[in-house]
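Asker: kindly generate the corresponding structure for this input.
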Amino acid sequence: MEVLWIREVVSELDYLLQSAGVGAGTRQNLFSLVGFGRNSVRGVTGIVLSDFAHQTVFLEALDLLQTSGGAEDGYAALEYAIVNTQPRPDTVRLMVLVTDEDRRVIREDLDRDTIQNIIRESGYVLNVVVNQGFLADPSDEGSHAMGLDSNQTAYVFNPSSPTLYSSSPGGSVNFSPFTFFPDTFADYVDLAFNVGGAAWDLNFVAEGEPLSLALARAFAEVKIAEVMSVLRVCERCLCGKSGPECSVTENVPLKNCVGPAPESRCFLAGGHVLNLGESVTLVTLSPEDQTLAADVILLVDESSSMVMEHDWIPGMIRELDTALQEVNVGRVESNRFGLVGFGGDCSDGVGLGRVLSAVGGAQFSFSTNFTELSEGLTSSGRREDGYSAIYTALMSYPLRPGAARQFVLITDEDRDVVDGNLTRDSIVAALSGGSVMLNVAVNEEFSAGGTGALLRALGIDSYGRGYVYDPSSPVKYRVVEEEGEAVRDSGHRNTHRDYTQLALDTGGGAWDLSILRHGNAVAVSFTAAFVRAKVEEIVSQLSRCFNCSCSPSGPLCTPSSFCQDDSAEPPKPSTPDAPLSLRIEPQVSNPLVAETLTDVLLTCSADNSTATVVWTFNGGQVPANSQLESPEPGVKVLQLSQVTQGENGGVYACLAHLGETYNAAATIELEIYDPEQDLGLILSPLESTHFPGQSLLLSCTANDPANFTWTFDDGPLPRNVRVIAKDSGPTSSVLALTQVTRENSGAYTCLASSTSRGITNEDTSHLSIMST
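Answerer: Numbering: from 1, shown residues only. Model (predicted):
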């Protein structure tokens, strides 16, 4: 009977959630099923019959429930479900315990306070459906209610209502002899109330329809209310005319928003007057729902004069990542950081950019291990071509389509032209085409404040604002809205033309590197202002604002790319007159995998036969074991012979241009596979983000029997992390992390050593634990 009722409840709940806009898109509502009860097959605590999946999978899993349980410890089942299922980190979480008995203690270490803390820290709202009575009117023992929520609202069967139930405040638990299990209230009902959930009378299920149907509908309505209370907070900003424009009249700031109404995601408070209509409604989703992130690439001069900046970068990156997560950018999908060094030395004689990789060859790192990348910077550079560094980054990094894209160029000289094909116009077009915003920290002075109140600025942004050192401010700087600009002729030779104006034209900012070099409090101010400006720029990249006219007939709103007045919109970069498109064959999703010591053929074709087509490898020349052919105009074939990972593994870019401007680019990543040295190691998940207090599992499997070793950031495992022997076998190992904290953020490496072949493989999972 209970199984049939669960089927009805889950179907009704999913339908109502989707009707409310929750789970109606590509991200569906998911359901999980855990059975519990001691028997010879399933042991004590429980078994996962279905991890989180679509309701159709859940409904099929209900047939796996058994009736042979002899001792049911609900606390053990709750803890087992939290540890052994994998909820998405960006969702509202509901847990429902269904049992007709009170608790049979098996896990003596799980007392009432302990399980209550586990539930709260894991982010679940608990509901219980148990053998317990409830009253709509405490003075009337005949006023039986179907259930009671944490606000003591009772839900009563009402056959005259279209929904078959009605609600009544001031309900209570029925403590009269109504159940054979007197501890049900203390064990389960009061526990649910204390974590914000509700409790329901299982006896209404046994009565069948229409009582069971009424209970299902009331149960679903309460679940909807619980979900929506977590998901949405609405703000309404009313606007009235004040001259030719509209301004907000309520004491509620208009916020930058992401996505179309009515489910826009809103972040930073805005300070600009917008061309608003009579009213606009914004909806803020909870931080758990945000899936926005940033890809930030640093382009760093590797000359001997840049050692101080090399040391400054890792700390700045950590501050930037923390500040981004505070505005919900990078809390679910992690922010990623890359590093390109540029500057010729005695060995290469040129100033082309080079991608610095982390341990294992990963191009991107997280803020917590960015030091690994920065330690690869050198100080022997002699010719520094920042345009080549920008070009290398554009060609080498697979930037995520939905992420904000930021490049930060740091150099104390102007451009040393190494690649004459890279002109200012071609770089502007490439940045614009890749939706990349450029910032520069250079050897040039800036000012703000206008005539009569001229102040030296730490840096300026594309809106004309200046950031000024202010020791009296809590953040040690302040923003000056007027006339932020470069001081004429203060830059290192052509710095302003080469870099500063380039950054401003892409919507980014420019910063005075000499102020950072002062050190002490001024350097702290520089970093704080720099990070704040980057956060605002990244949010603006992710944002869509609605500029609405003040038409008397109502608001006429259209999306705008930037969050300010149209008059303050940054200049739009020019684009090539004759765009090209390219096709690389074989057409495979990256990476292309080839077996070691085989030949690989890559063909690049342009749709304009007059175009010049070239191949590059990791931003430079193609490998020595390659041959280039042009079988027909607009086509370039790259043949690689006897490939190896060390010589040929990496990113190949095909570039096409008409005249002097690169008009199109396409890339393909080549990965070399050696079957003799491969154990087929699979580590899951490779990247994930979690809230403090969650518990999770990492699994590592190999094709052959192996000895498994785990490390954390190349050292021993934290105290709350252990290998679960019972779930491991000769070809697998499982790592359990219990009630994680920020200290658990980092790299977990699984090393598998084959017991028969004498080879070793390893892989690393990067975990990020958000700040509370």
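Asker: chain center to whatever helix or strand Leu126 lives in: distance?
Answerer: Element membership of Leu126 [criterion: DSSP states H and E] is strand 124-130. Averaged C-alpha coordinates place strand 124-130 at 30 Å from its chain's average position (Cα atoms, centre = their mean, to the nearest Å).
Asker: next SSE after it?
Answerer: strand 134-135.
Asker: outside of the following helix or strand past that following strand, which residues touch it?
Answerer: For strand 134-135, the following helix or strand on the C-terminal side (DSSP H and E) is strand 144-145. Applying Cβ atoms under 8 Å, 6 or more residues apart in numbering, the contact partners of strand 144-145 are Gly133, Phe134, Leu135, Ala136, Ala154, Tyr155, Val156, Ser168, Gly171, Asn174, Asp201. Backbone N, C-alpha and C define where each C-beta goes, glycine included.
Asker: pretty sure the last one contacts Leu135?
Answerer: Yep, that's Asp201 we're talking about. No. Proximity of Asp201 to Leu135 does not meet the contact threshold set by Cβ atoms under 8 Å, at 10.4 Å.
Asker: I'd like the average pLDDT over stretch 436-453.
Answerer: For stretch 436-453, mean pLDDT is 83.
Asker: chain center to that stretch: distance?
Answerer: 31 Å.
Asker: flag every buried residue along it.
Answerer: 436-444, 446-449 (16 or more other Cβ atoms under 10 Å).
Asker: same question for stretch 3-23.
Answerer: So, applying 16+ other Cβ under 10 Å, buried residues of stretch 3-23: 5-6, 8-14, 16-17, 22-23.
Asker: what is the most widely separated pair among these?
Answerer: Trp5 and Val22 (22.4 Å; Cβ to Cβ).
Asker: helix or strand: which one has Arg456?
Answerer: Under the assignment here (DSSP H and E), Arg456 is part of strand 455-457.
Asker: follow-up on the earlier one: among the buried residues of stretch 3-23, which are in helices?
Answerer: Applying DSSP state H to those, the entries found in helices are Trp5, Ile6, Glu8, Val9, Val10, Ser11, Glu12, Leu13, Asp14, Leu16, Leu17.
Asker: can you put these in JSON lines and add distance to Glu60?
Answerer: Below are these laid out as JSON lines (distance: Cβ to Cβ, whole Å):
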{"residue": "Trp5", "distance to Glu60": "17"}
{"residue": "Ile6", "distance to Glu60": "13"}
{"residue": "Glu8", "distance to Glu60": "15"}
{"residue": "Val9", "distance to Glu60": "16"}
{"residue": "Val10", "distance to Glu60": "12"}
{"residue": "Ser11", "distance to Glu60": "13"}
{"residue": "Glu12", "distance to Glu60": "18"}
{"residue": "Leu13", "distance to Glu60": "17"}
{"residue": "Asp14", "distance to Glu60": "15"}
{"residue": "Leu16", "distance to Glu60": "21"}
{"residue": "Leu17", "distance to Glu60": "20"}
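Asker: among those residues, which one lies nearest to Pro631?
Answerer: After measuring these against Pro631 - Cβ to Cβ - the closest member comes out as Asp14, at 56.1 Å.
Asker: state the pLDDT value of the residue nearest to the closest one when sequence neighbours are not counted.
Answerer: Spatial nearest neighbour of Asp14, excluding adjacent residues (Cβ to Cβ, 6 or more residues apart in numbering): Gln55 at 4.9 Å. You'll see Gln55 listed with a pLDDT of 82.
Asker: who's in contact with Gln55?
Answerer: Val10, Ser11, Asp14, Asn29, Phe31.
Asker: gap between the closest residue in space to the second one that isn't next to it in sequence and Arg88?
Answerer: What that stands for is Ser11. Spatial nearest neighbour of Ser11, excluding adjacent residues (Cβ to Cβ, 6+ apart): Gln55 at 6.7 Å. As for Gln55, its distance to Arg88 is 15 Å (criterion: Cβ to Cβ, to the nearest Å).
Asker: again with Gly123
Answerer: From Gly123 to Arg88 the distance is 11 Å (Cβ to Cβ).
Asker: quick one on the thing from earlier: show me what the helix or strand that the strand holding Arg456 is followed by is packed up against.
Answerer: As assigned by DSSP H and E, the chain's next helix or strand after strand 455-457 is strand 459-460. Helices and strands touching strand 459-460, by 3 or more Cβ pairs under 8 Å, 6 or more residues apart in numbering; DSSP states H and E, are strand 446-448, strand 466-469, strand 510-512, helix 520-542.
Asker: which among those is found nearest to Leu454?
Answerer: Between the helices and strands packed on strand 459-460, strand 446-448 lies closest to Leu454; by Cβ to Cβ that is 5.3 Å.
Asker: what packs against that closest one?
Answerer: Counting contacts by 3+ Cβ pairs under 8 Å, 6+ apart, strand 446-448 packs against strand 455-457, strand 459-460, strand 466-469, strand 485-486, strand 510-512.
Asker: out of those strands, the one nearest Arg93 is which?
Answerer: So among the helices and strands packed on strand 446-448, strand 466-469 is nearest, using Cβ to Cβ, at 41.1 Å.
Asker: run me through the strand neighbours of the closest one, direction for each.
Answerer: strand 459-460 (antiparallel), strand 477-480 (antiparallel) (DSSP bridges).
Asker: average pLDDT for the shortest one, rounded please.
Answerer: Per-residue pLDDT values over strand 459-460 give a mean of 92.
Asker: what residues does it touch?
Answerer: For strand 459-460, using Cβ under 8 Å, 6+ apart, the contacting residues are 441, 446, 448, 466-467, 484-486, 504, 509-512, 526, 529-530, 533.
Asker: ok, the residue minimising distance to the centre of the chain - contacts?
Answerer: For the chain, the residue nearest the mean C-alpha position is Glu333 (1.4 Å; Cα atoms, centre = their mean). Going by Cβ under 8 Å, 6+ apart, Glu333 touches Thr291, Leu292, Ala293, Arg400, Ala403, Thr689.
Asker: what's the neighbour count on the closest residue to Leu94 other than its chain neighbours?
Answerer: Of all residues not flanking Leu94 in the chain, Val125 sits nearest, at 5.4 Å (Cβ to Cβ, 6+ apart). For Val125, the count of nearby residues is 22 (other Cβ atoms under 10 Å).
Asker: secondary structure class for Tyr499?
Answerer: Of the three states, Tyr499 takes helix under DSSP: H, G, I helix; E, B strand; the rest coil.
Asker: wait, what's in contact with it?
Answerer: For Tyr499, counting by Cβ under 8 Å, 6+ apart, the contacting residues are Gly386, Leu409, Thr411, Asp414, Arg415, Val440, Val442, Ala510.
Asker: returning to that earlier point: which among the contacts of Glu333 end up buried?
Answerer: The buried subset of these (16+ other Cβ under 10 Å) comprises Thr291, Leu292, Ala293, Ala403, Thr689.
Asker: relative to Ile390, how far out is the fourth one?
Answerer: I take that to be Ala403. 18 Å.
Asker: try the last one
Answerer: Plainly put, Thr689 is 30 Å away from Ile390 if you go by Cβ to Cβ.
Asker: buried residues in the helix or strand where Thr56 lies?
Answerer: For Thr56, the host element (DSSP H and E) is helix 55-61. Across helix 55-61, burial judged by 16+ other Cβ under 10 Å covers Gln55, Phe58, Leu59, Ala61.
Asker: show me what the longest strand along the chain pairs with in its sheet, parallel or antiparallel.
Answerer: Among the segments of the chain that qualify as a strand by DSSP state E, the longest is strand 661-673. If you go by DSSP bridges, strand 661-673 pairs up with strand 592-595 (parallel), strand 650-658 (antiparallel).
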